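In: this one's structure only:
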């Protein structure tokens, strides 16, 4: 069964003014679509066609580079669209809030750590909030790698991912990656992150 | 005194020293003077400071192939940040080495030196390797490098195809290169701001032609269509400069 581009859970303009319409259109309709198409081409006729994208990522060292790059691209972007929402932002509640406090001391500390992970990732990549041995942690990966992958430096279950490829922000923010990261917190969908945490445990 | 002014003075002083050095070497090449001035160190007690080289043309000069806004941000923001961060990374180390020399043993340095030193070297080269072509005329290789390309790759078209592919296949951020390894022409690519001068690079040799395939090099105009950027870029290649580098190997 071929992988498919998931529909965005909101309109392309729904994250304005923090993430602009054109960026969302190209990011979802062109970049993510290309990862899906290239992933399907890369696994055509192989056993990976029967696996979930998570299972492919967990055994990524067994596959050639196009599966790693495009499989990662598909998983990462699918998560990314869901952890953003219009009229979101604010503060997490419940178990997620408690887990953040226990791991980082405060929400502000978590945000600072994720911003730092994103700004110090040189070149293209992602900043992550993961569940590692039942506890929350922050890390980053290059290109389209992710913490599910058996080759990742830091492994865990991603519950929040922030894309820091230049294509995620360049039309609106150009070289100002820190401004994009600051704006991300206005669209972060804590409800989805909380659900991801529940599923990860 | 503002930092900009101080930077200018440092550059002027360095340029003068470069000119003297180049004269002593019997060279009258202006570009070479600039190159030397960039790398040359301050003689004062202060640590050596690298400076952002001026573009050899106006920001809009590469239109319609590379747009003015891209050039302006690429040079005055991205390249400037590499220079500033390189200086910061070397701060207190009393550096007296040229950028080429630093890169040749970069495996011994902090990651910040690798990333920003590479960024400074690569972009300095990239600006020199382009020249305006407002009418977008065909721009085949000329001189000795044209002959060497033909004998190494069969034809100019085959070379273009292989070099373009190197740029297209570099996943994420990086550079495509034509370089000389033991006087032999080769094509390759590097991730991020790595380059063939680095002792820890996958490909090693003397860079002759470089193409930036970071998204920031083309995203404002071409967005996800890297292929359009790569294909159009050939019209801008400054083959005189490529020949100049080739003659040194």
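Out: That came through, no problem. Please read all numbers here as calculations on a predicted model, not as lab measurements.
In: Sticking with the closest residue to residue B:115 other than its chain neighbours, tell me its helix or strand.
Out: In this structure, residue B:115 finds its nearest non-sequential neighbour in residue A:122, 4.9 Å apart by CB to CB, 6 or more residues apart in numbering or on different chains. Using the backbone N, CA and C atoms, a C-beta is placed for each residue, glycine as well. Following DSSP states H and E, one finds residue A:122 outside all helices and strands.
In: do the one 4 residues further on as well
Out: Under the criterion of DSSP H and E, residue A:126 resides in strand A:125-132.
In: Give me the mean pLDDT for whichever helix or strand comes after that strand.
Out: Downstream of strand A:125-132, the next assigned helix or strand under DSSP H and E is strand A:135-142. If you average the pLDDT over strand A:135-142, you get 98.
In: Mind giving me the packing neighbours of the helix or strand following strand A:135-142?
Out: Elements were assigned by DSSP H and E; along the chain past strand A:135-142, the next helix or strand is strand A:157-163. If you count contacts as 3 or more CB pairs under 8 Å, 6 or more residues apart in numbering or on different chains; DSSP states H and E, strand A:157-163 packs onto helix A:65-82, helix A:107-120, strand A:125-132, helix A:190-200.
In: Of those, give the one that comes closest to residue B:245.
Out: Judged by CB to CB, the one of the helices and strands packed on strand A:157-163 that comes nearest to residue B:245 is helix A:65-82, at 31.0 Å.
In: gap between the next helix or strand after the closest one and the chain center?
Out: Downstream of helix A:65-82, the first helix or strand assigned by DSSP H and E is helix A:94-104. With CA atoms, centre = their mean, to the nearest Å as the basis, helix A:94-104 stands 20 Å off its chain's centre.
In: And helix A:94-104, what does it pack against?
Out: By 3+ CB pairs under 8 Å, 6+ apart, helix A:94-104 packs against helix A:107-120, strand A:135-142, helix A:190-200.
In: So which of those is nearest residue B:55?
Out: helix A:107-120 (26.7 Å).
In: contacting residues around residue A:156?
Out: A:128, A:130, A:131, A:132, A:133, A:137, A:139, A:147 (CB atoms under 8 Å, 6 or more residues apart in numbering or on different chains).
In: which among those end up buried?
Out: Buried members of these, scored by 16 or more other CB atoms under 10 Å in any protein chain shown, are A:128, A:130, A:131, A:132, A:137, A:139, A:147.
In: could you redo the residues you listed as JSON lines and give each row distance to chain B?
Out: Listed next are the buried ones among the contacts of residue A:156 as JSON lines, based on distance: CB to the nearest CB, whole Å:
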{"residue": "A:128", "distance to chain B": "16"}
{"residue": "A:130", "distance to chain B": "21"}
{"residue": "A:131", "distance to chain B": "26"}
{"residue": "A:132", "distance to chain B": "24"}
{"residue": "A:137", "distance to chain B": "21"}
{"residue": "A:139", "distance to chain B": "16"}
{"residue": "A:147", "distance to chain B": "17"}
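In: which two in those are spaced the farthest apart?
Out: A:131 and A:139 (11.6 Å).
In: how long is stretch B:188-200 from one end to the other?
Out: Taking CA to CA, to the nearest Å, the span from the opening residue of stretch B:188-200 to its closing residue is 15 Å.
In: and residue B:138, which of the helices and strands packed on helix A:94-104 is closest to it?
Out: strand A:135-142 (37.6 Å).
In: Mind listing residues that contact that closest one?
Out: Contacts for strand A:135-142 (CB under 8 Å, 6+ apart): A:99-100, A:102-104, A:110, A:113-114, A:117-118, A:120-121, A:123-131, A:147, A:149, A:152-154, A:156, A:159, A:164, A:197, B:172.
In: which stretches of chain B aren't confidently modelled?
Out: B:1-48 (pLDDT under 70).
In: Enumerate the beta-bridge partners assigned to residue B:179.
Out: Beta-bridge pairing for residue B:179 (DSSP bridges): residue B:186, residue B:207.
In: measure it to residue A:180 for me?
Out: Remark: distance between residue B:179 and residue A:180 (CB to CB, to the nearest Å) = 34 Å.
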